[in-house]
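*Asks:* please find the sequence and the predicted model below.
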Amino acid sequence: MDNILERAARAGNISELYTLIERDGNVLKRFDEVEFVNTPLHIAVDEGCIEFAMEIMSLKPSFARKLNHQGLSPIHLAVEKGNQEMALRLIETDNDLVRVRGKNGVTPLHYICEVGTHDGLLDTFLKTCPDSIRDVTTPNCTALHIATENNRLDALQVLTRTLRKKDYCWEVVNRKDKNGNTALHIAARNYQPEMVKVLLNCRANKHATNQHGLTALDVAQNRNSRESITVLRGCFIPRVSNFNHKLEKQIDKYVTKASLLIFHDMDNISGDDRSALLVILGLLLTAAYQASLSPPGGVWQGDSSSNSVTTRIDERKLPGSIGTSVMGQSFFLIFYILTYVVFIVTFFLTLALLKPFPHGFRTALQVLLAFLLHASTNQYLP
C-alpha cells in the first residue's frame, strides 16, 4: 500500500485521499486485484476513523468484504475493537456484512458471541439480518456453540430469545459440531447449569448423542457437574418424545418431497395463467367445502323418516341418528376422505400461487389447519 494512502487512512484525512485520487485514478482499484489485503477501509476501521471509513465504503463497497492477512474483514475488526458505532455504520450500508465469513468461517455474529455483546450490538445484528443465526463455521459450530464454549451467558440469552421466534429453532439449537456435540453438550461439559436451563427452554434435545454416543446428561455425569445433572434429570422425559420428533421429521421430509414435485416451476407461471388457476382452484375449494356441508342424500332429520309413508317417529326407529349422513358409514367415510383430500390439496396449491408469505404465516397456518382438522373430524364423521 502507498505510504501516503496508509497515513491518510490512519489519520482519517479525506482531503489527502482525494489528492491521491487526483494523482492516480486507480489508486484504490489495485486493492481489488489482490485476494487478501489490508485495505484503507481495514486501516480506518482499526483506527476508529468513521468518516474516512464511510467515504471509502461509498467509493469502494467491495472493500467491506475483503479479508486481510489475518482472515478478518473490516466489520470483524470493528467488533474486535468494540467500536459499536463503526460496526453499525457498516451494516447500515450493507446488512449482509453480518454474514461475511472470515478465518475458519467465522462471521461477525460468531465473533460477537466469542468476545461479548458490546452493549446491544448482537441484538442489532440479529434484527438487521435474522437468518445470520443459522450460519455455521468451518468446524460446523453455530453461534450457540461459540457463546456456550466461551461462557457468554449474555450472548446465549440474546440468541435463544431471537431463536424461539423462528420456525427453524429446533434445527439450529440442536445442530451438531464436527464432534457431534450440540450446544447443550458443551454447556454440560463446561459446568454451566444456567446455560443448560437456557438451552432447554429453547427446545434443546436432551436425548441427542455425540460421536461417542453420549447425551448431555452423560457428559455432565462424566464431569460430575452436579447442578447440570440436577437440571437435566429434572427435565428428562421418556424417549418417546424423541421418537415422536423423529416421526415428525420423517413426515415433514416426505411432505417436503411431495411439495417439490407438486410445486416444481410454479414460481415461473405467468401472471395471466396464475390468475386463471386461482379462479379454478377457488371453484374447487367452494365445491369441496359445499360437498362436505351437504353430503349426497343429506342427513337424517328429526321430524321425518326416510320414506314417504306417514309414520310416527316414536313408532319406527330411524335407521340413523339425527344429524348423521343418510349414506352408509363406509360409503360416507370414503366420500369424506376423498373430499377432504381434494380440499387440502387445492388449498395448498392456492397458497403456493400466493407466495411469498409474510413473516409468521407458516406457524399461523399450522395452527389454523389443526383447528380445521379437529372441527371437521368431530362434525362430519358419523
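*Replies:* On my side now, so go ahead. Because the structure is a prediction, the values reported are computed rather than measured.
*Asks:* flag the shaky bits of this structure, pLDDT-wise.
*Replies:* Across the chain, the ranges flagged by pLDDT under 70 are 1, 116-119, 235-271, 297-329, 355-366, 369-382.
*Asks:* list the contacts for F63?
*Replies:* 28, 31, 39-42, 56-57, 74 (C-beta atoms under 8 Å, 6 or more residues apart in numbering). (Each C-beta comes from the backbone N, C-alpha and C, glycine too.)
*Asks:* and it, how far from M54?
*Replies:* Distance, F63 to M54, by C-beta to C-beta, to the nearest Å: 12 Å.
*Asks:* closest to T137 among the contacts of F63?
*Replies:* Taking C-beta to C-beta as the measure, P74 is the one of the contacts of F63 closest to T137, at 19.4 Å.
*Asks:* related to what we said a few turns ago, please pick the buried ones from the contacts of F63.
*Replies:* Among the contacts of F63, those buried by neighbour count (16 or more other C-beta atoms under 10 Å) are 28, 31, 39-42, 56-57, 74.
*Asks:* helices - which of those land there?
*Replies:* Using DSSP state H, the members of the buried ones among the contacts of F63 that fall in helices are 40-42, 56-57, 74.
*Asks:* now the two most distant members of those.
*Replies:* H42 and M57, at 11.9 Å, using C-beta to C-beta across those.
*Asks:* need phi/psi at the residue sitting nearest the centre point of the chain.
*Replies:* Taking C-alpha atoms, centre = their mean, the centroid of the chain lies closest to Y168, which sits 3.7 Å from it. Main-chain torsions, Y168, degrees, to the nearest 10: phi -100, psi 20.
*Asks:* so what's it closest to, chain neighbours aside?
*Replies:* R134 (6.5 Å; C-beta to C-beta, 6 or more residues apart in numbering).
*Asks:* so who does that neighbour touch?
*Replies:* 142, 168, 171-172.
*Asks:* could I get these as TSV with distance to G102?
*Replies:* Converted to TSV, those look like this (distance: C-beta to C-beta, whole Å):
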residue	distance to G102
T142	16
Y168	24
E171	24
V172	20
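*Asks:* in helices only, show me these.
*Replies:* 171-172.
*Asks:* returning to that earlier point: nearest to V98 among the contacts of F63?
*Replies:* Nearest member of the contacts of F63 to V98, counting by C-beta to C-beta, is P74, at 12.7 Å.
*Asks:* next, the contact list for the nearest residue to the closest one once chain neighbours are set aside, please.
*Replies:* Excluding the flanking residues, the one nearest P74 by C-beta to C-beta, 6+ apart is V45, at 4.4 Å. Listed by C-beta under 8 Å, 6+ apart, the contact set of V45 reads 53, 74-75, 77-78, 81, 83, 86, 90.
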